[in-house]
Every structure is written in C-alpha cells, then in structure tokens.
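1. no sequence for this one, just the structure:
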C-alpha cells in the first residue's frame, strides 16, 4: 500500500511540474515592454551567450527591428513574433525552448526522469532500511564468526588493530 502511495505521489508531482512548466502568462501589454520581453527571449546569432536585448551587434539590431515591426503590426502574439524570427534566423536563436512539440518534450523528459529516479532511490533506501531492521540484531553465532575472522586476520599478520 505504501509503495503504491509513493508512486502515486511521484505521478502527481510529475504531472504538476509538467502542467506548471507548460503554462504561460499573457505577458506585458505595453508594446515597448512586449518588444523588450521578446528581445530577451532571442539569442544574438553572432554573440556568445547574449540576448538580442543586451547585444549591440548589427545582427541583433536587425532582429530587434524585426521584433519591433512584428509587435507594431499588431495581431501577432509574442510566440508568433518569436516564431517568425526563428523561421528567418533559425531555431538556434531561441533562448527559451518552445512550449510545444519536441522542444517541450526535450526539456520535460530529463526533469521527469530525475524525479522518477529520485523517487526510486528513496523507495530503495526505505526498503533496504526496513530489511535491515527486520533482520534483527546479531546472534551469538554472528559474534563468534566475527571474533574468529578477526583472530585469523590478526594471526596472518595482515595488520589489523583493535
């Protein structure tokens, strides 16, 4: 019963983590804030580790201009503007993975695997601890065996100290 409950808890946590990870808010409403927010989510195609928002490279300036045009044209969501930029410059310019399809799966699977692995380890440690407790204390035969092995070790000159 406890085992099923622990797996049910793992399943609940995994589904909850995936649901939280997949949900997004509507984002900022002001066009300037939208442009800045979108620019922070796109990588500079030339710079290493910088977003388009931070970079002053001409390639970043061109992407920021495309983002500005997409936002000002209206009718496009932030994700649609980013998709247009990704189509024009390639998916490698995305700093944040897409929340759909293989991109979302590529980010969610390792997290899910880590949660399941940790739950499996916790379950195994609990079983091992319960097995150790159920095995009871050492018997007189166990103590005699340990004393005999210690005496043999000390007699062979293997250098054990008490």
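-> Arrived safely, thanks for sending. Predicted, not measured: the structure shown is a model, and the values here were computed from it.

2. where are the low-confidence patches of this protein?
-> Low-confidence segments of the chain, defined by pLDDT under 70, are located at 23-29, 96-100, 103, 156-162.

3. which residues touch stretch 47-54?
-> Stretch 47-54 is contacted from outside by 36, 39-44, 55, 57, 60, 63-64, 67, 93, 95, using Cβ atoms under 8 Å, 6 or more residues apart in numbering. The C-beta positions use only the backbone N, C-alpha and C, and glycine is treated the same way.

4. mind listing what the residue nearest in space to the middle of the chain touches?
-> In the chain, the centroid-proximal residue (Cα atoms, centre = their mean) is residue 111; its distance is 3.9 Å. Contact partners of residue 111, counting by Cβ under 8 Å, 6+ apart, are 17, 21.

5. redo that, cut-off 10 Å
-> By Cβ atoms under 10 Å, 6 or more residues apart in numbering, residue 111 lies in contact with 14, 17-18, 21.

6. in stretch 53-60, what counts as buried?
-> 53, 55, 60 (16 or more other Cβ atoms under 10 Å).

7. same deal with stretch 68-85?
-> Result for stretch 68-85 [16+ other Cβ under 10 Å]: buried residues 68, 70-71, 76, 78-79, 81-83, 85.

8. and residue 43, how far is that from residue 77?
-> Applying Cβ to Cβ, to the nearest Å, the value for residue 43 to residue 77 is 20 Å.

9. And for residue 62?
-> Distance from residue 62 to residue 77, by Cβ to Cβ: 22 Å.

10. circling back: adding distance to residue 6 and secondary structure, write the buried residues of stretch 53-60 out as CSV.
-> Formatted as CSV, the buried residues of stretch 53-60 follow (distance: Cβ to Cβ, whole Å; DSSP: H, G, I helix; E, B strand; the rest coil):
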residue, distance to residue 6, secondary structure
53, 44, coil
55, 48, coil
60, 49, helix
